[in-house]
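Student: the sequence and its predicted three-dimensional model are supplied below.
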Amino acid sequence: MRRTPVYYYSSSSGLVRLFAERLGRPVHDLSEREVRQSLADGPWVLLTPSYKTGNPANDTIPEAVRRFLASPANRRHLVGVMGSGNRNFGRYYQRAAREIAELSGRPVLFEFELSGTPWDVQECVRILEELDAALDRRDALRAHDSDASPAAPTAAAL
């Protein structure tokens with residue numbers, strides 16, 4: 001079964017990176033130029049922090065995330081969004097993940113505060129394993145459907 005990779009952005013605090021690295025699956029750091037300029041080769045999940053200082057002109061979505069999502073191929077392969085936030089941001093808590101989910105039509109899979117708790121990591125691992133299984137079933141159905149030859153028309157259809 002394919003393990004859906006997580007593409008993440010982490011500021012210099014490293015809180016999101018610490019969470020991503022505890023998920024036990026392929027992770028890709030969008031703060032690295034090569035990663036930002038790459039193309040996802042299949043389904044992937046975004047893990048993004050939200051930043052907001054209370055200034056309505058400030059963006060909540062990190063620029064590195066915006067650049068990666070500028071690729072139509074990357075947007076097409078995105079299957080879900082996870083967010084890290086700080087409750088001190090009030091109404092802007094998790095705003096980036098929620099905004100990306102809304103704009104892309106993809107679900108918010110999980111939200112946590114700062115670098116998450118051990119329970120957060122465990123729960124996120126469970127959710128991602130369920131996603132892997134669902135994507136595996138979807139791919140198996142697609143393969144089965146493409147292998148099936150069209151049925152011969154029945155007399156009633158003629």
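Tutor: Thanks, I have it.
Student: residue closest to the middle of this protein?
Tutor: With distances taken as Cα atoms, centre = their mean, Val45 lies nearest the centre of the chain, 2.1 Å away.
Student: state the distance from it to Leu131.
Tutor: 7 Å (Cβ to Cβ, to the nearest Å). Glycine gets a C-beta too; all of them are placed from N, C-alpha and C.
Student: assumed the residue nearest to the centre of the chain was part of a strand.
Tutor: Yes. Assessed by DSSP: H, G, I helix; E, B strand; the rest coil, Val45 belongs to a strand.
Student: contacts only, for it.
Tutor: Listed by Cβ atoms under 8 Å, 6 or more residues apart in numbering, the contact set of Val45 reads 4-7, 78-82, 109, 128, 131.
Student: are any of the residues you listed buried, and which?
Tutor: 4-7, 78-82, 109, 128, 131 (16 or more other Cβ atoms under 10 Å).
Student: mind putting the contacts of Val45 into a markdown table with distance to Arg98 and secondary structure?
Tutor: A markdown table is the format used below for the contacts of Val45 (distance: Cβ to Cβ, whole Å; DSSP: H, G, I helix; E, B strand; the rest coil):
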| residue | distance to Arg98 | secondary structure |
| --- | --- | --- |
| Thr4 | 20 | coil |
| Pro5 | 22 | coil |
| Val6 | 18 | strand |
| Tyr7 | 18 | strand |
| Leu78 | 14 | strand |
| Val79 | 16 | strand |
| Gly80 | 12 | strand |
| Val81 | 8 | strand |
| Met82 | 11 | strand |
| Leu109 | 12 | strand |
| Leu128 | 19 | helix |
| Leu131 | 18 | helix |
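Student: fine by me, we can end here.
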